[in-house]
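>>> Here's a sequence, model it:
(2 chains)
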Protein chains: 2
Amino acid sequence: MMSDFIIYNTLSRSKEIFKPLNPGHVGMYVCGPTVYGEAHLGHSRPAITFDLLFRYLMHLGYKVRYIRNITDVGHLVNDADEGEDKISRKAKVEELEPMEVVQYYTNSYRRNMSQLNVLPPSIEPAASGHILEQIGAVQQLVDSGYAYVVNGSVYFDVEKFASSNAYGKLSGRKIEDLYSNTRDLDSQTEKKSSLDFAVWKNASSEHIMKWPSPWGEGFPGWHIECTAMSTKYLGKSFDIHGGGLDLLFPHHEAEIAQGKACFGHDPVHYWMHNNLITINGQKMGKSLGNFITLDELFAGTHPLLEKAYSPITIRFFILQAHYRSPLDFSNEALQAAEKGLERLLKAVDLLGKLLPATVSTIDVPGLKEKCYAAINDDLNTPVLIAHLFDGVKMINSCNDGKASLNSDDLEQLRKLYHDFTFEILGFRSESVASGDSDSAVLGEVVDFLLDFRIEAKRNKDWATSDKIRNKLTELGFEIKDTKEGFSWELKR
Amino acid sequence: MMSDFIIYNTLSRSKEIFKPLNPGHVGMYVCGPTVYGEAHLGHSRPAITFDLLFRYLMHLGYKVRYIRNITDVGHLVNDADEGEDKISRKAKVEELEPMEVVQYYTNSYRRNMSQLNVLPPSIEPAASGHILEQIGAVQQLVDSGYAYVVNGSVYFDVEKFASSNAYGKLSGRKIEDLYSNTRDLDSQTEKKSSLDFAVWKNASSEHIMKWPSPWGEGFPGWHIECTAMSTKYLGKSFDIHGGGLDLLFPHHEAEIAQGKACFGHDPVHYWMHNNLITINGQKMGKSLGNFITLDELFAGTHPLLEKAYSPITIRFFILQAHYRSPLDFSNEALQAAEKGLERLLKAVDLLGKLLPATVSTIDVPGLKEKCYAAINDDLNTPVLIAHLFDGVKMINSCNDGKASLNSDDLEQLRKLYHDFTFEILGFRSESVASGDSDSAVLGEVVDFLLDFRIEAKRNKDWATSDKIRNKLTELGFEIKDTKEGFSWELKR
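You can find the predicted model right below:
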């Protein structure tokens, strides 16, 4: 009855029915952050996209091993294998040990992910924690003849690989075009070709992050970490590799080449890429300096923000677009997301309070089928959310007495909304996330109520005065009458 | 004017004035958890003790690099270098990749620490992430002649070390006594002596956590990880090494021996050990099966618990004892801690509301000096908290008009209580930590207030009815009159 789960495979450029390599199990790897700055809106998109996929696969009953790495070494300031390591540079600027920088921003990233209701992955491996595994992979490349050693650095030989393999097949680039697009930097003279990339870099004496290797002291290239860690935790073939579209080339193309060179076959079955978040049409990125951090969004403290937006509003904003479409930042879109989220949660709340009727005037199985058809169609969340809003109208009609649900249908509809709203889309009521402001409001309401009591006493309305006192005592408040009026506290 | 900061050095068995190796900087290493189960009450004691030290050193103006490791490999089920790795065993039981077990319990530990208001350390390195560094340390031991290789395993030669060094000086054990206390297990025939310990273990083919090394595939011994990671992040000499008293022997004794053998000198200046938490007089421990997890304590779900205790109540319970004294679990003690915390926080709150008088009848500088003298005396928190309670009496006297503070003294006293209560001891108001229950109470209070409004309307008391509506609207509530009475929600 239920439709197949179909995902768009970047590698085949087509939608394919998802079939795991091992029935019942899914292995999934997603490129995580380079931890040298606060997470921004751009980082939230891959995190939320693949959190949705993780949640949906679990909902379908799969046992999922989800690996999302932490890049804490090897990501250079530019992709041409030159320039400083991003973390080392930050450490020098802040006069810290690089791992202090890593720890600080990793903690911050985890906090932001938790605010966005992004589930922790099954394993969150750090590149610096897998140096031996990366050395092992580099050694395999050298042994297989696809990498060469120069002055303590090891480079992947793209020309050799491309002579018998389709280099560029993921990103759809042609090797001739790549040549003409690559500037031949002076410092690249170690490389046989400007297309080659480092899998191990020799470290100069002033370099702070380095490890011993068969080729001397150095550090791993950025691309090799994902090959080493995905192989370690998911094997030489696994189901799904995800990441942002900005990683398609050279990062993911390099991963395919490394895997093929090491194992003789493509390591990944389905490649999935989320599109980027733009701001005035330009990619939002740390290196471009046009980013808004998640903390700024949650607090409303960036000049481009008209107000603060809650983490779940950001989540709704991301998911109301399809993950393969570009998504442009704007206050209007965020405010629309805020309203949409509110409308949805209100309806779910109302649904919980509806009473069953004897007959149903609503087609619940039809709505359910549409919702699954939407998510099964390459995670089409905008269509899914549109169907959920159709249901919101039905729920409101029931509340107004213009439609009705029998008890079976009511139960089905409640399960449908619970599953999609909370379990799969990962929304949640904001009051759960922001209890603090409730405390402040509570204080004001209680003060106001006790002012009433004083007025009642003044009017010798002892019944009202006692009623207020009794109610508050029952709720756990301790009320004291003082010269100035009253004081109270909530006992726990 | 201020007294010196004095700490008890387990190594010298005496209190010493704390002097950092590099003025203004402190390097501090504390043994963290072996992540193969939920954190229990016993784990909270070293975490809170050294969090207090971390906070106090920062309060004194030091720049502190605090390393607390995660043991995720190498900790065997018993200390005799035999038996399974604790994590591997758990992974097999749960049919998971060992790193999934590690990730799950590490996440859980971090969540518990955050609930206890334990600050994250500067760096939280994992043993499995530092295999190369451990291999490097083992190689140094082999090169220096203090370790020997047998069948792909490497053992530290305690007899050789002890012939020219004081093995046992930290724990106060004599080498002769150690011999007579050690059972010579059959499987220990690889070792020259039963006192020797593994720094690298050969891995059998079915072993799941293993790495290549100069001695074949294997995994590091437990003791070597702390030597490798403390050296990497703090250098060959550093200020403070902390941990629970249960780690004194063999773990910390082994660290001293490894450091001395590698560098020719003792690596650590001050060794600090917290005493253990007992339950009916016996050490609380995972391996003993008599533990209460922190989640059980916070939720009140263990048969030994009369009720739930909040995380900060647990923190108060730990800190109202001196860290070097044993501390026995009991419901009475926890309930006393709960009351004590409440009394202290109430007084701090009241202090914020006191008005200054023209004269002071309270000796604030004297109280301040006593508080610093207490914490400077080897972190004597029970005495510190007793002084703070003396201050509570003074604060209450001021509130009752029986004592007074001039504005300078009032400001000083507020700063003193802020610094000690929140910044140093790390307490916080429970309502900050548990906003959820405020939301529930808020709902009831608002319902009650709106019932009043309905009654007022029924009595045609429009002034009261409007007053309630206006106040709630001002606070952000949206009120709707319905057939049944009313509905409301708090807009944000």
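
>>> Where does pLDDT dip in chain A?
Counting by pLDDT under 70, chain A contains low-confidence ranges at A:1, A:78-80, A:181-188, A:430-440, A:474, A:482-487, A:490-492.

>>> one more time with 50, if that's ok
For chain A, applying pLDDT under 50 flags the ranges A:1, A:186, A:432-436, A:492.

>>> How much space separates the residue in it sticking out farthest from the centre from A:Arg453?
With distances taken from the mean C-alpha point of chain A and given as C-alpha atoms, centre = their mean, the most distant residue is A:Lys460, at 60.3 Å. The gap separating A:Lys460 from A:Arg453 is 13 Å, by C-beta to C-beta, to the nearest Å. Any C-beta I mention is one placed from the backbone N, CA and C, and that applies to glycine too.

>>> Kindly report the same for A:Ile292.
According to C-beta to C-beta, A:Ile292 and A:Arg453 sit 47 Å apart.

>>> Kindly report the same for A:Ala166.
80 Å.

>>> Quick check on these two: which one has the bigger neighbour count.
A:Arg453 (21 against 13; other C-beta atoms under 10 Å in any protein chain shown).

>>> does that one really touch A:Thr464, like I thought?
Yes. Assessed by C-beta atoms under 8 Å, A:Arg453 is found in contact with A:Thr464 at 7.3 Å.

>>> thinking again about what came up before, secondary structure element holding the residue farthest from the centre of chain A?
Element membership for A:Lys460, per DSSP states H and E: none, as it lies in no helix or strand.

>>> All the strands of the stretch 101-250 of chain A, in order from the start?
A:147-150, A:153-156, A:197-202, A:218-220, A:238-244 (DSSP state E, counting those that start in this stretch).

>>> So what touches the second one?
When contacts are defined by C-beta atoms under 8 Å, 6 or more residues apart in numbering or on different chains, strand A:153-156 is touched by residues A:138, A:141-142, A:146-148, A:190-192, A:196-202, A:215, A:218, A:223, A:254, A:257-258, A:261.

>>> Just the CA atoms of that strand, as PDB, please.
Output of strand A:153-156 as PDB, limited to C-alpha atoms (Å, rounded to 0.1, in the frame of the first residue of the first chain):
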ATOM      1  CA  SER A 153      54.000  15.100   1.200                       C
ATOM      2  CA  VAL A 154      51.800  12.600  -0.600                       C
ATOM      3  CA  TYR A 155      49.600  13.600  -3.500                       C
ATOM      4  CA  PHE A 156      46.800  11.800  -5.300                       C
END
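
>>> next one: it to chain centre, how far?
The chain centre lies 32 Å from the centre of strand A:153-156; the measure is C-alpha atoms, centre = their mean, to the nearest Å.

>>> List the buried residues of it.
Within strand A:153-156, the residues that qualify as buried are A:Ser153, A:Val154, A:Tyr155, A:Phe156, counting by 16 or more other C-beta atoms under 10 Å in any protein chain shown.

>>> For B:Asp72, see how far away the residue in the stretch 51-200 of chain A that chain B sits nearest to is.
Nearest to chain B in the stretch 51-200 of chain A, going by C-beta to the nearest C-beta, is A:Gly129, at a distance of 2.7 Å. For A:Gly129, the distance to B:Asp72 (C-beta to C-beta) stands at 10 Å.

>>> Between these two, which is the more surrounded one?
Neighbours were tallied for A:Gly129 and for B:Asp72 using other C-beta under 10 Å; the higher tally belongs to B:Asp72 (28 against 23).

>>> how distant is stretch A:306-326 from the center of its chain?
On C-alpha atoms, centre = their mean, the centre of stretch A:306-326 falls 11 Å from that of its chain.

>>> mind checking the end-to-end distance for it?
Its first and final residues considered, stretch A:306-326 spans 22 Å by C-alpha to C-alpha, to the nearest Å.

>>> Same question for stretch A:354-369.
Using C-alpha to C-alpha, one end of stretch A:354-369 lies 22 Å from the other.

>>> what's that stretch in contact with?
Under the contact criterion C-beta under 8 Å, 6+ apart, stretch A:354-369 has outside partners A:1-2, A:387, A:390-391, A:394-395, A:397-399, A:403-407, A:409-410, A:412-413, A:416.

>>> follow-up on the earlier one: shared neighbours, A:Gly129 and B:Asp72?
Counting by C-beta under 8 Å, 6+ apart, the common neighbours of A:Gly129 and B:Asp72 are B:Ala126, B:Ser128.

>>> got a list of what whichever residue of the stretch 151-300 of chain A sits closest to chain B touches?
Residue nearest to chain B within the stretch 151-300 of chain A (C-beta to the nearest C-beta): A:Trp211, separated by 5.4 Å. With contacts taken as C-beta under 8 Å, 6+ apart, A:Trp211 has the following neighbours: A:Ile131, A:Ile135, A:Glu217, A:Gly218, A:Phe219, B:Leu132.

>>> same check, this time on A:Ser230
Going by C-beta under 8 Å, 6+ apart, A:Ser230 touches A:Tyr29, A:Ile67, A:Phe238, A:His241, A:Glu255, A:Pro267.

>>> Among the residues you listed, which one lies nearest to B:Ile277?
Out of those, the one with the shortest distance to B:Ile277 is A:Ile67. That distance is 36.2 Å, counting by C-beta to C-beta.

>>> hang on, the earlier thing: which of the contacts of A:Trp211 are buried?
With neighbours counted using 16+ other C-beta under 10 Å, the contacts of A:Trp211 contain these buried positions: A:Ile131, A:Ile135, A:Gly218, A:Phe219, B:Leu132.
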